[in-house]
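Visitor: quick one, structure for this:
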Amino acid sequence: MTNTELRTKTTEELNQELEALLKSHFSLRMQVAMQQLAKTSEIRKVRRDIARVRTILREKA
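Guide: Predicted structure coming up:
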């Protein structure tokens, strides 16, 4: 997900995206705890996407 894609979305769409990313992050953390996640780099990517969405939400506010 790029910044330009995020900037074209509305606030409501960004909030939905943030909610989906937070659920995904929780799921990945549980998989790590159960030692079922092969690609631990996915957690880092999701955390950065969450930060991107939150940054753009603050800019729009």
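Visitor: got the contact list for the helix ranked longest in the chain?
Guide: Longest helix in the chain by number of residues (criterion: DSSP state H): helix 11-33. By C-beta atoms under 8 Å, 6 or more residues apart in numbering, the residues outside helix 11-33 that reach it are 1, 6, 9, 37, 40, 42-43, 46-47, 49-50, 53-54, 56-57, 60. For glycine as for every other residue, the C-beta is placed from the backbone atoms N, C-alpha and C.
Visitor: ok, 10 Å please
Guide: 1, 5-7, 9-10, 36-40, 42-54, 56-57, 60-61 (C-beta atoms under 10 Å, 6 or more residues apart in numbering).
Visitor: what comes up buried for it?
Guide: Leu14, Glu17, Leu18, Leu21, Ser24, His25, Leu28, Gln31 (16 or more other C-beta atoms under 10 Å).
Visitor: and it, C-alpha only, in PDB?
Guide: This file holds the C-alpha atoms of helix 11-33, laid out as PDB (Å, rounded to 0.1, in the frame of the first residue of the first chain):
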ATOM      1  CA  THR A  11     -11.500   9.300   6.200                       C
ATOM      2  CA  GLU A  12     -14.100   6.600   6.500                       C
ATOM      3  CA  GLU A  13     -12.200   4.300   4.200                       C
ATOM      4  CA  LEU A  14      -9.000   5.000   6.100                       C
ATOM      5  CA  ASN A  15     -10.600   4.100   9.400                       C
ATOM      6  CA  GLN A  16     -11.800   0.800   7.800                       C
ATOM      7  CA  GLU A  17      -8.400   0.100   6.500                       C
ATOM      8  CA  LEU A  18      -6.900   0.800  10.000                       C
ATOM      9  CA  GLU A  19      -9.300  -1.500  11.600                       C
ATOM     10  CA  ALA A  20      -8.400  -4.300   9.200                       C
ATOM     11  CA  LEU A  21      -4.700  -3.800   9.700                       C
ATOM     12  CA  LEU A  22      -5.100  -3.900  13.500                       C
ATOM     13  CA  LYS A  23      -7.000  -7.200  13.200                       C
ATOM     14  CA  SER A  24      -4.300  -8.500  10.900                       C
ATOM     15  CA  HIS A  25      -1.600  -7.400  13.300                       C
ATOM     16  CA  PHE A  26      -3.300  -9.200  16.200                       C
ATOM     17  CA  SER A  27      -3.600 -12.300  14.200                       C
ATOM     18  CA  LEU A  28       0.000 -12.300  13.200                       C
ATOM     19  CA  ARG A  29       1.100 -11.800  16.800                       C
ATOM     20  CA  MET A  30      -1.000 -14.800  17.900                       C
ATOM     21  CA  GLN A  31       0.600 -16.900  15.100                       C
ATOM     22  CA  VAL A  32       4.000 -15.900  16.400                       C
ATOM     23  CA  ALA A  33       3.100 -16.900  19.900                       C
END
